[in-house]
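Trainee: Sequence plus the predicted model coming up.
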Amino acid sequence: MIDKNQQLITGEETVRGLFSYLSDIEKTYETEEIQWEKSHLLVKSYPLENIGTVIIGMDITNEMHVIQNIVWFLLIITVIFSVLFAWVGHFFAGQAMNPIQKSFQTQRKFVSDASHELRTPLSIFYSSLDVLSGEENLSSFGKEVLEDAKSEAEMMNKLLNDLLFLARSDQGNMELDLEEYDFSSLLDTWLTSFARTVPAHLSLQ
C-alpha cells in the first residue's frame, strides 16, 4: 500500500526493488503484465479514497518460460514436419514419375530406331522405282502410276525425317534447316494423287 505521495505505507515487497519501479509507472488501474529485470509480473492497482493505492501482483516468470518453450517447441516441430512432408512428397512424386520417364525413354528410342530401320528398305524401294522409270516399254498409265509411287516414297521419306527430327529434339540435338518451299507444286501433287480416287461426277480444283 502506498500513499498519495508514492510512499510505501505497508506491505511485503517479495521482489526487492520493485516498489521504486512501480512508483514511477503510470497507474492505469488495470491488470497488466510487466517485465522487470528478468522477472515477468502480473500487477493490479486499486485506488483507495483519501489513502492512496494498493498494488497486488504475482510472479508469472515460470509460466511465461513454459509458454515460450511451448512456442519454440511448436515452431521446431512445424519446421521438422514441413521438411519431412516436403521430402516425402518429393520421394513419392519421383516414384510416380519413374514409370512415365521409362515409358517416355522407350517411346523416344522406338521412334529413333524405327526411323533408322525404315530408311534402308525405303531407299531400296526408291532405287527400284528409279530403275523402273528408266524402262521404255512402260505405257503412259504405268509411267503415271510409277511417278505417283515415287511421290509417295518421297513423302514417306519426309515422314521418316520428321520422326528423326522429333527424336533429336527430345535429346536436345535439334537443328533447324530453314528453306523456301513451293507449296503450289505440293498441292498439284496431291490433286493428281486424289484425282484417281474421286468419283467421276466430282472434280478437284
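Mentor: Right, received. Where do you want to start?

Trainee: now the strands: where do they sit in the chain?
Mentor: In the chain, the segments counted as strands under DSSP state E are 2-3, 32-36, 39-48, 52-59.

Trainee: and those strands as TSV, adding mean neighbour count and mean pLDDT?
Mentor: The way it works is simple: take the backbone N, C-alpha and C, and place the C-beta from them, glycine included. Formatted as TSV, the strands of the chain follow (neighbours: other C-beta atoms under 10 Å; pLDDT from 0 to 100):
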stretch	mean neighbour count	mean pLDDT
strand 2-3	17	74
strand 32-36	13	76
strand 39-48	15	80
strand 52-59	16	80
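
Trainee: Was I right to think K150 contacts Y126?
Mentor: Yes: between K150 and Y126 there is a contact under C-beta atoms under 8 Å: 7.1 Å.

Trainee: could the strands of the chain be laid out in TSV, adding distance to A114?
Mentor: Output for the strands of the chain, formatted as TSV (distance: least, C-beta to C-beta, whole Å):
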stretch	distance to A114
strand 2-3	98
strand 32-36	78
strand 39-48	77
strand 52-59	83
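
Trainee: Out of these, which is closest to S185?
Mentor: Taking C-beta to C-beta, strand 32-36 is the member of these nearest to S185, at 90.4 Å.

Trainee: partner strands of the closest one, parallel or antiparallel?
Mentor: If you go by DSSP bridges, strand 32-36 pairs up with strand 39-48 (antiparallel).

Trainee: Give me the contact list for stretch 134-144.
Mentor: Residues outside stretch 134-144 that contact it (C-beta atoms under 8 Å, 6 or more residues apart in numbering): L132, S133, L146.

Trainee: Can you pull out the low-pLDDT segments for the protein?
Mentor: Within the chain, the ranges that satisfy pLDDT under 70 run 12-30, 168, 170-175.
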